[in-house]
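> Whatever this is, show me its structure:
(one chain, ligands or ions: 2)
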Amino acid sequence: MKVFAVGDVVGTSGLEFLRKILPNIKQEYGVDVCIVNGENSADGNGITPVSCEHIFTSGADVITTGNHAYRRKEMYEFFDTNEFVLRPINFPEGTPGRGRVIVDKGICKVAVINLMGTMFMDPLDNPFSVIDKVLESEEIKKCKIKIVDFHAETTSEKRAMGFYLDGRVSVLFGTHTHVQTADEQVLENGTGYITDLGMTGTFNSVLGVNPKIVIDKFKYNMPARFDWIRGESILCGCIFDIDDKTGNCMAVTRIQIKE
Ligand SMILES: [Fe+2]
Ligand SMILES: [Fe+2]
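Ligands and ions are numbered 1, 2, ... in the order given. Got it, this is the predicted structure:
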C-alpha cells in the first residue's frame, strides 16, 4: 500500500500546481491513498469548501488541517458534513467536524488521524494523552494501517511524538512549518516518519507569504496582513510504502518537485 502525503497547500499557486502534477505522481508511484494538508489552501487564509473541492477533484482522498481549520466560517458546516475533511482531533469536544476517518480500500482499511501539537500553539488537549485514547478505540484498532498528521511547530515535539508512536502507527508525518525537513526514516519499530513534509505553493516566499510583508513585520513589528504571493511553485511531500499485512512502513521517499 502506497500512501502519498502532501505538505500544506498554500493559496491559488499551491492549488493550481497540485492539480497539474498530482495525477502524474499518483500514476508514476502507484499511489493508493493520498492525504493533503489543506489548512492554508484558500486565498486570503484558511480553508474553504471551494478549496476543499479543488483538492479532492485533484486526487486527494483525505484533507487534513491544523491551527487554521476554523479561520473561515463557511467551513464549520462542511467539517460536519464531509467526513474526509479533518480538523485536529484534540480540539475540545463540541467543535465542528472530526479528527479521524477510515478510508476503506477493500484489501485493507486505512485510518487517518489529524493531531495538533501544543508547543507555541493553541492550548489544546495534550496530544500524547489524546492519541493514546484514539489508538485504543475499537474502530481504530480494526485498521491495520494508521496514519497520523501531527501539525506542530517544534521539531522536538514532532520527533518525540514519532518515537512515542513508533510501532503503534504505520506513519507519522509532521506539517505546519512549511519547510521540508531531510530526516525521513523508518523508525526502529516500523513507523515511517518525517518531521515536516514541507509546503505546496510559491517557492520564492516566506511560508507562502510575500517576503516583503514578512520582512516589514519583523523589522517594524507593526500589524500586517499576510497575503499569499503568486509565482513559481513547488510541491513537497512523502510517499510511504506500507506492508498491508503488518501495517509497518518499509520505505519513505521524500518528494520535492518544482515547476
Ligand atoms: Fe500551514
Ligand atoms: Fe498550521
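> Stretch 85-104 and ligand 2 in contact?
No - judged by CB under 5 Å from the ion, stretch 85-104 stays clear of ligand 2, getting no closer than 9.7 Å. Placement of C-beta: from N, CA and C, glycine included.
> Pull the distance from that stretch to the chain's centre.
Remark: stretch 85-104 is offset 13 Å from the chain centroid, using CA atoms, centre = their mean, to the nearest Å.
> Go through it and flag the buried ones.
Using 16 or more other CB atoms under 10 Å as the test for burial, stretch 85-104 gives 85-91, 97-103.
> How far off centre is stretch 244-256?
Centre-to-centre, stretch 244-256 and its host chain are 16 Å apart (CA atoms, centre = their mean).
> swap in stretch 139-159?
10 Å.
> which residues of this protein score low on pLDDT?
Within the chain, no stretch has pLDDT under 70.
> In a helix, residue 50, correct?
Yes - Residue 50 forms part of a helix when assessed by DSSP: H, G, I helix; E, B strand; the rest coil.
> re earlier: how about CSV for the buried residues of stretch 85-104, with secondary structure added?
Formatted as CSV, the buried residues of stretch 85-104 follow (three-state DSSP):
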residue, secondary structure
85, strand
86, coil
87, coil
88, coil
89, coil
90, coil
91, coil
97, coil
98, coil
99, coil
100, strand
101, strand
102, strand
103, strand
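> where exactly do the strands run in the stretch 151-259 of the chain?
Taking DSSP state E, counting those that start in this stretch as the test, the strands found in the stretch 151-259 of the chain are 171-175, 185-186, 192-194, 201-202, 233-242, 249-258.
> looking at those strands, which is closest to residue 38?
Relative to residue 38, the nearest member of the strands of the stretch 151-259 of the chain by CB to CB is strand 171-175, separated by 10.1 Å.
> can you pull up the bridge partners for the residue nearest to the spatial centre of the chain?
For the chain, the residue nearest the mean C-alpha position is residue 37 (3.5 Å; CA atoms, centre = their mean). According to DSSP bridges, the partner residues bridging residue 37 are residue 64.
> How much space separates it from residue 244?
Here residue 37 is placed at a distance of 24 Å from residue 244 (CB to CB, to the nearest Å).
> And residue 80, by the same measure?
In terms of CB to CB, residue 80 sits 32 Å off from residue 244.
> same deal with residue 67?
The value you get for residue 67 to residue 244, if CB to CB is used, is 33 Å.
> Neighbour count: the two, which is higher?
Each of residue 67 and residue 244 has its neighbours counted (other CB atoms under 10 Å); residue 67 has more, 20 against 13.
> check contacts around the more buried one.
Residue 67 sits next to 39, 88, 116, 121, 122, 151, 176 when contact means CB atoms under 8 Å, 6 or more residues apart in numbering.
> what's near enough to touch the last one?
Think residue 176. Residue 176 neighbours (CB under 8 Å, 6+ apart): 8, 66, 67, 117, 151, 152, 153, 196.
> excluding its backbone neighbours, what's nearest it?
Nearest residue to residue 176, sequence neighbours excluded (CB to CB, 6 or more residues apart in numbering): residue 151, at 4.6 Å.
> and what of the fourth one?
Nearest residue to residue 121, sequence neighbours excluded (CB to CB, 6+ apart): residue 153, at 5.5 Å.
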